[in-house]
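Visitor: Okay, predicted coordinates and the sequence, questions at the end:
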Amino acid sequence: KNEVEQSPQNLTAQEGEFITINCSYSVGISALHWLQQHPGGGIVSLFMLSSGKKKHGRLIATINIQEKHSSLHITASHPRDSAVYICAAHRMNRDDKIIFGKGTRLHILP
Amino acid sequence: DTEVTQTPKHLVMGMTNKKSLKCEQHMGHRAMYWYKQKAKKPPELMFVYSYEKLSINESVPSRFSPECPNSSLLNLHLHALQPEDSALYLCASSRITGTNEQFFGPGTRLTVL
């Protein structure tokens, strides 16, 4: 079992829908990243959080440390949000190395 | 400048060639990373440099040779690669190592023939 698990693996939705991507982890962490990767490769850091909630535009990330769970929400989804979303955890006491989830492939239909 | 740049964008090389990948950042970051990413897989850490010194080598074969000539530049020298080394090579930087946000470059897509 991976130390960082994401669900769903693939998600197709209509433009305008509210999107939720989940991330669960089984190790102690000091922080968690949400990353976005478009076809063609480059990775963009969306959020890094260690508690609570962060919001940037239509994106919201939450983390519950006790439940070892984080979610990424996209409001009013748009086809340009189509990408792979990756959850990555800084493991406590090993925080030079981050553990990546396998990613969620999101496709927003116009 | 909040950007990590990588050159070249694409590289095709034969198994006997020697080539180099270059990564640059001007954010004053003192930690730089090389990752390898195969198709539909998450990135895998290869090397970490902290204050221009190699701090982590994830048992990477010696045909990959990293170099950090100064605090803004990170190179990855390639020699005698195998076709299975074909992948997207991503560079990242952070303020220092530890729990700090990593900023990624666009990657170099490498094909080894």
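Guide: On my side now, so go ahead.
Visitor: From what I see, A:Pro110 and A:Gly16 are in contact.
Guide: No: assessed by Cβ atoms under 8 Å, A:Pro110 is found out of contact with A:Gly16, at 9.9 Å. All C-beta atoms are positioned from the backbone trio N, CA, C, and that covers glycine.
Visitor: Counting neighbours, go ahead and name the busier of these two.
Guide: A:Gly16 (11 against 7; other Cβ atoms under 10 Å in any protein chain shown).
Visitor: where are the low-confidence patches of chain A?
Guide: Scanning chain A for pLDDT under 70 picks out the ranges A:1, A:94-96.
Visitor: Quick check: nearest residue in space to B:Ser55, chain neighbours excluded?
Guide: Closest residue to B:Ser55 apart from its sequence neighbours, by Cβ to Cβ, 6 or more residues apart in numbering or on different chains: B:Val48 at 5.0 Å.
Visitor: wait, I meant B:Phe104
Guide: A:Ile43 is the one closest to B:Phe104 (Cβ to Cβ, 6+ apart), at 3.8 Å.
Visitor: what do you get for B:Thr7?
Guide: B:Lys22 (4.9 Å).
Visitor: Quickly list what the one you found is bridged to.
Guide: Beta bridges link B:Lys22 to B:Thr7, B:Asn75, judged by DSSP bridges.
Visitor: and it, how many neighbours does it have?
Guide: B:Lys22, neighbours per other Cβ under 10 Å, totals 16.
Visitor: ok, it - contacts?
Guide: Neighbouring residues of B:Lys22 by Cβ atoms under 8 Å, 6 or more residues apart in numbering or on different chains: B:6-7, B:73-75.
Visitor: Just the pLDDT at it, thanks.
Guide: pLDDT, B:Lys22: 98.
Visitor: For it, give its distance to B:Pro8.
Guide: 8 Å (Cβ to Cβ, to the nearest Å).
Visitor: now for the helix-or-strand element of chain B with minimal mean pLDDT, which elements pack on it?
Guide: When each helix and strand of chain B is scored by mean pLDDT, DSSP states H and E, strand B:53-57 comes last, with a mean of 91. Packing contacts for strand B:53-57, counted by 3 or more Cβ pairs under 8 Å, 6 or more residues apart in numbering or on different chains; DSSP states H and E, involve strand B:44-50, strand B:64-70.
Visitor: now the ones you listed in a markdown table, with mean pLDDT, distance to A:Ser51 and mean neighbour count?
Guide: Listed next are the helices and strands packed on strand B:53-57 as a markdown table, based on pLDDT from 0 to 100; distance: least, Cβ to Cβ, whole Å; neighbours: other Cβ atoms under 10 Å in any protein chain shown:
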| stretch | mean pLDDT | distance to A:Ser51 | mean neighbour count |
| --- | --- | --- | --- |
| strand B:44-50 | 95 | 25 | 20 |
| strand B:64-70 | 96 | 33 | 15 |
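Visitor: who in chain B is up against chain A?
Guide: B:37, B:40-43, B:45, B:48, B:50, B:55-56, B:88, B:90, B:92, B:97-99, B:101-107, B:109 (Cβ under 8 Å from any Cβ of the partner chain).
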